[in-house]
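[1] Here is a sequence together with a model predicted from it:
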Amino acid sequence: MTAIRPVRLTRRLALAGAALTLAASTAACGSASAGAAAVVDGERISVEDVQQATTDIQAFAGQQVQQSQVLYFLIIGPRLVRAAASAGVGVSADDARSQLITKVPEPSDAAVSAIQANESLNRLTSLTEDKSKPIMDSLIAQIGSADIEVNPRYGRFDPKQVIMVPAEQNWLVASPAPAPSAS
């Protein structure tokens, strides 16, 4: 039994060291990314906003919605909304809020933004190809040149394909089981 204690203590010290290293590296990230689900061109999207928007949108849609899906629309939303407005098929925040309040009495601003972005995308893709293709090509170029950092818990943003790539499910590795003690 005495031989196991130093091993456990060593593991605990190693874990504590890893935690301190993680804390130090997280602190070095700066205030913009602390507690952020994503940072887009220096603009922070908070974890809290993503969580609240997801809750609101699930209540509105009546089905499960992934936080990464909501984050996706919060990341690309401002550009989608501007592109739809420029193409004459814009969706206002009031339009999006009006949709949400049919099932969510007080939707969060983030939920309104995500619904506005989603509806903007729907309207842009419903245009004829000769109208939508140049707009979509321009959007892809804009998004591709944006500085987008995503918290790994949500996956990662692929600017070339303009998609969210799912998070690796096993990014935390379980520690090995302790060796059985000799009786």
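    It's in.

[2] P105: how many residues sit nearby?
    The number of residues packed near P105 is 8, by other Cβ atoms under 10 Å. Yep, even glycine has a C-beta here, placed from its N, CA and C like the rest.

[3] Same question for P107.
    Neighbour number of P107 under other Cβ under 10 Å is 23.

[4] what's the closest non-adjacent residue to it?
    Excluding its sequence neighbours, the residue lying closest to P107 (Cβ to Cβ, 6 or more residues apart in numbering) is L100, at 4.0 Å.

[5] how close does that neighbour sit to F73?
    Going from L100 to F73 by Cβ to Cβ, to the nearest Å gives 13 Å.

[6] other SSEs contacting the helix or strand hosting L124?
    When elements are assigned from DSSP states H and E, L124 belongs to helix 109-125. The helices and strands touching helix 109-125, judged by 3 or more Cβ pairs under 8 Å, 6 or more residues apart in numbering; DSSP states H and E, are helix 47-61, helix 67-86, helix 93-100, helix 129-145.

[7] Figure out how far that helix is from the centre of its chain.
    Averaging C-alpha positions (Cα atoms, centre = their mean, to the nearest Å) puts helix 109-125 15 Å from its chain's average.

[8] which residues are in contact with that helix?
    45, 49-50, 52-53, 56-57, 60, 70, 73-74, 76-78, 80-81, 83-84, 87, 89-93, 95-97, 99-100, 104, 107, 132, 135-136 (Cβ atoms under 8 Å, 6 or more residues apart in numbering).

[9] Show the buried residues in those residues.
    Buried members of these, scored by 16 or more other Cβ atoms under 10 Å, are 45, 49-50, 52-53, 56-57, 60, 70, 73-74, 76-78, 80-81, 83-84, 87, 89-91, 96-97, 99-100, 104, 107, 132, 135-136.

[10] would you put the C-alpha positions of stretch 136-156 in PDB?
    Extracted C-alpha coordinates of stretch 136-156, given in PDB (Å, rounded to 0.1, in the frame of the first residue of the first chain):
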ATOM      1  CA  MET A 136     -22.300  34.300 -51.800                       C
ATOM      2  CA  ASP A 137     -18.800  34.400 -53.400                       C
ATOM      3  CA  SER A 138     -18.300  37.800 -51.800                       C
ATOM      4  CA  LEU A 139     -19.500  36.600 -48.400                       C
ATOM      5  CA  ILE A 140     -17.200  33.600 -48.500                       C
ATOM      6  CA  ALA A 141     -14.300  35.800 -49.400                       C
ATOM      7  CA  GLN A 142     -15.200  38.200 -46.500                       C
ATOM      8  CA  ILE A 143     -15.600  35.400 -44.000                       C
ATOM      9  CA  GLY A 144     -12.400  33.800 -45.200                       C
ATOM     10  CA  SER A 145     -10.400  36.900 -44.500                       C
ATOM     11  CA  ALA A 146     -11.900  37.500 -41.100                       C
ATOM     12  CA  ASP A 147     -10.000  36.800 -37.900                       C
ATOM     13  CA  ILE A 148     -12.100  34.100 -36.300                       C
ATOM     14  CA  GLU A 149     -11.100  32.300 -33.100                       C
ATOM     15  CA  VAL A 150     -13.500  29.700 -31.700                       C
ATOM     16  CA  ASN A 151     -13.400  28.100 -28.300                       C
ATOM     17  CA  PRO A 152     -12.500  24.400 -28.900                       C
ATOM     18  CA  ARG A 153     -15.500  23.200 -26.900                       C
ATOM     19  CA  TYR A 154     -17.700  24.300 -29.900                       C
ATOM     20  CA  GLY A 155     -15.400  22.800 -32.500                       C
ATOM     21  CA  ARG A 156     -13.600  25.000 -35.000                       C
END
